[in-house]
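Asker: Sequence unavailable; structure follows:
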């Protein structure tokens, strides 16, 4: 992998790598690509000076540390020395380990028996005032997280909204799809996630069951940080909504790390992530619940549905940051929406009135709220407007 050349005065606020080691530079460029971060690269301390104060994070190759110290670069926070190999050299008597909180060498710097190359690295770290000394490959995950946190874009600011039915057939999947479609119509980058393996598939709800793209089985072995643009570009779309759903195979669950990775990528790559949740969550769905900012519990305006929804709320409530109620009409016995929400002890987020023709439109493969008209579209617009702490795209 080749480093991109940088010009003085341009993009100085990128993280900075200072090294003349081609192999180490390739490793650091690979880690930066994994979290969608671009780097400035300097061969030595002299070349690094122009970026030194503006860079949010500085990674200095271990062998380059003494040269940077000799260049008398001013002390600053966010400096990390990065070396390759183990903390311990062969026959050093030291246990190889990686501890990002390590504040000093695991041996006295004047120890004659300590490996000379390691002593040199630690001396340079002390001279530069480095916050950490880390070793690859053990520190790869830690470095990816530090690189991601050093810039504003990839840190993850999208809102994650869960939708779950208070009983079977409550209409949670339709509301989830309607929210995603309505947000996309407003110019919001949106990801729709199907976390209910027994729900029949959200791709069917939005009429995209035949569209090519990744499904959950393709991501089952995924863990850790994944590229948000790569994931979103690989998913089926309905309009401007990316859809992560199931295929028609036998896989009925995905490992929790895959769910965590997908939602993390969604937060970084989209402004809104809508998750259709199962009423009886497995371990993966619990992880999805715990990754939400708000969960909407959809409850038909019926006494029995209210009783069922109370049990669902008791089960999922401990995993939710916020649990709110959406009441779906009609109310055969005249049960008022406010009374139903009060009985559940939840905030009433909205009411969905009956919409003639909605069921037939779904059977024809039309995405919910795609026209922007009707009671479902109106409710989705009000629910999105209620989330005013989110900075939607203009």
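Answerer: That came through, no problem. This structure is a prediction, so every number in the text was calculated from the model and none was measured.

Asker: Name the SS class of residue 339, please.
Answerer: Classification of residue 339 by DSSP: H, G, I helix; E, B strand; the rest coil places it in helix.

Asker: low-confidence ranges in the stretch 51-200 of the chain?
Answerer: Along the stretch 51-200 of the chain, the parts satisfying pLDDT under 70 run over 86-118, 151-156.

Asker: for it, what spans make up the strands?
Answerer: With DSSP state E, counting those that start in this stretch as the criterion, the stretch 51-200 of the chain has strands at 58-61, 79-84, 132-136, 159-165, 190-194.

Asker: of all those, which lies closest to residue 27?
Answerer: With respect to residue 27, and counting by CB to CB, the nearest of those is strand 132-136 at 5.7 Å. (Each C-beta comes from the backbone N, C-alpha and C, glycine too.)

Asker: Would you mind getting the angle between that closest one and strand 79-84?
Answerer: Computed by axes from the mean of the first three to the mean of the last three CA atoms, to 10 degrees, the angle separating strand 132-136 from strand 79-84 equals 20 degrees.

Asker: What pairs with strand 132-136, parallel or antiparallel?
Answerer: Note on strand 132-136: by DSSP bridges, its sheet partners are strand 79-84 (parallel).

Asker: which other residues reach the strand it pairs with?
Answerer: 19, 23-24, 27-28, 57-63, 65, 121, 124-125, 128-136, 139, 143, 146 (CB atoms under 8 Å, 6 or more residues apart in numbering).

Asker: So what's the residue count around the nearest residue to residue 130 once chain neighbours are set aside?
Answerer: Closest residue in space to residue 130, ignoring its immediate chain neighbours: residue 79 at 4.5 Å, by CB to CB, 6 or more residues apart in numbering. Other residues near residue 79 number 23, with proximity taken as other CB atoms under 10 Å.

Asker: Please apply the same query to residue 378.
Answerer: Neighbourhood size, residue 378 [other CB under 10 Å]: 17.

Asker: so it is in which element?
Answerer: Residue 378 belongs to helix 375-386 when elements are defined using DSSP states H and E.

Asker: returning to what we had before: if any of the contacts of strand 79-84 are buried, give me the PyMOL selection for them.
Answerer: In PyMOL, a selection of the buried entries from the contacts of strand 79-84 looks like this (16 or more other CB atoms under 10 Å):
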select buried, resi 19+24+27+28+57+58+59+60+61+62+63+65+121+124+125+128+130+131+132+133+134+135+136+139+143+146
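
Asker: Let's see the distance spanning stretch 198-209 from one end to the other.
Answerer: One end of stretch 198-209 sits 15 Å from the other (CA to CA, to the nearest Å).

Asker: Return the list of strands paired to the helix or strand hosting residue 276, each annotated with direction.
Answerer: Taking DSSP H and E as the criterion, residue 276 maps to strand 272-277. Partner strands and pairing direction for strand 272-277 (DSSP bridges) are strand 159-165 (parallel), strand 190-194 (parallel).

Asker: Just list what whichever helix or strand comes after it packs against, helices and strands only.
Answerer: Remark: after strand 272-277, the chain's next helix or strand is helix 283-290, criterion DSSP H and E. In terms of contacts (3 or more CB pairs under 8 Å, 6 or more residues apart in numbering; DSSP states H and E), helix 283-290 is packed against helix 256-269, strand 272-277.
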